[in-house]
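Asker: model this:
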Amino acid sequence: MRTTAFMTILALVLLSRSSFGLLESKSGNAPLAAANYTDWPGLVDAINDESRVFTVWCNGGETFDYAGDIDALNRVLAAFGKTKVPKLEVVVIPSVDELIPPENPRQKVDWRVEICGGIVQHMVIAQELEPAWNLHPTLTVYASSDLDLKAIRIPENVVVTQRDEIRTRLQDAAQSDNKTKADRAKQLLKILEPDMTPDQRLKFERRVADISIVLSKKRAKQ
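Answerer: Residues are numbered from 1 along each chain as shown. Prediction:
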């Protein structure tokens with residue numbers, strides 16, 4: 001399961017251009033102060049997990065990238081699920097990098113936590129930019145073939161989303177008369193599903209199907 005830290009920066013650069021914001025990035029897992037995350041009570045435990053490898057901040061919008069095994073993922077999922085906010089979302093999508101290796105490999109990313117606060121949050125609300133931006137905390141798992149989907153332990157209190165739902169959401173946003181929303185959605189669609197060869201597309205769709213089957217069974221057991 002992997003993507004790259006570069007995609008984190010790319011996604012947030014789109015936002016910084018829209019909001020004239022400054023962007024800061026930092027490698028490593030040095031603990032971040034709980035006082036900075038009081039809008040999301042308890043989330044700092046997931047943020048500060050030892051598996052964190054990269055952080056990007058842009059005017060209150062933050063992305064935290066992680067790399068690790070299934071035990072680390074489940075540990076972060078458990079901590080994420082304890083965050084005391086009205087809505088939490090876990091997205092499970094195939095890893096594109098496994099099919100299309102990046103030209104300039106960077107730090108691998110196996111899952112990612114994103115939050116929207118500060119100036120970014122105000123902009124998203126004022127300009128009605130959802131769902132091109134999520135106001136609620138989101139954890140995205142990049143599920144490649146080395147991830148045992150059956151071993152994922154997803155908290156029962158989170159909304160679970162897959163590729164088809166994300167794609168539909170972004171396709172609708174891409175048709176918006178709001179240029180900022182539409183442009184962001186189009187860029188995220190390209191990241192979600194870049195150009196692929198027929199063979200790559202076949203493998204990608206098979207992984208989408210595998211994810212759907214496993215998550216459906218997990219939901220049925222809850």
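Asker: helix, strand or coil for Ser25?
Answerer: Here Ser25 takes the strand state, with states given by DSSP: H, G, I helix; E, B strand; the rest coil.
Asker: Can you classify the residue nearest to the spatial centre of the chain by secondary structure?
Answerer: Using CA atoms, centre = their mean, the residue of the chain that lies closest to the mean C-alpha position is Thr140, 3.6 Å off. Classification of Thr140 using three-state DSSP returns strand.
Asker: can you give me the helices for this protein?
Answerer: Taking DSSP state H as the criterion, the chain carries its helices at 5-19, 44-47, 70-81, 96-99, 118-126, 163-174, 179-192, 198-221.
Asker: Which elements pack onto the longest one?
Answerer: Right, helix 198-221. Contacts of helix 198-221 with other secondary structure elements, assessed using 3 or more CB pairs under 8 Å, 6 or more residues apart in numbering; DSSP states H and E, are made with strand 89-94, helix 96-99, helix 163-174. Any C-beta I mention is one placed from the backbone N, CA and C, and that applies to glycine too.
Asker: Which strand residues bridge Arg112?
Answerer: In this structure, Arg112 has beta-bridge partners Asp65, Thr140, where bridges are defined by DSSP bridges.
Asker: Let's have the helices and strands packed on helix 198-221 in JSON lines, adding mean pLDDT and distance to Ile47.
Answerer: Putting these into JSON lines (pLDDT from 0 to 100; distance: least, CB to CB, whole Å) gives the following:
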{"stretch": "strand 89-94", "mean pLDDT": "97", "distance to Ile47": "15"}
{"stretch": "helix 96-99", "mean pLDDT": "78", "distance to Ile47": "23"}
{"stretch": "helix 163-174", "mean pLDDT": "98", "distance to Ile47": "23"}
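Asker: Phe54 is nearest to which of the helices of the chain?
Answerer: Comparing these against Phe54 with CB to CB, the closest turns out to be helix 5-19 (4.4 Å).
Asker: quick check: mean pLDDT across that closest one?
Answerer: On average, the pLDDT along helix 5-19 is 46.
Asker: Tell me how many other residues surround Glu24.
Answerer: By the other CB atoms under 10 Å criterion, the neighbourhood of Glu24 contains 12 residues.
Asker: With Asp195 instead?
Answerer: Neighbours around Asp195, by other CB under 10 Å: 8.
Asker: likewise Gln187?
Answerer: Neighbours of Gln187 under the rule other CB under 10 Å: 17.
Asker: before we move on, the earlier item: would you tell me which of the helices of the chain gets closest to Lys150?
Answerer: Closest of these to Lys150 is helix 198-221, at 5.9 Å (criterion: CB to CB).
Asker: Residues contacting that closest one, please?
Answerer: 92-94, 96, 99-100, 143-145, 149-150, 152, 154, 160, 162-164, 193, 196 (CB atoms under 8 Å, 6 or more residues apart in numbering).
Asker: so the residue nearest to the centre of the chain makes contact with Ile93?
Answerer: Yes: Thr140 is within contact range of Ile93, at 6.8 Å (criterion: CB atoms under 8 Å).
Asker: Which of the helices and strands in the protein ranks last by mean pLDDT?
Answerer: Sorted by mean pLDDT, DSSP states H and E, the helices and strands of the chain end with helix 5-19, the least confident at a mean of 46.
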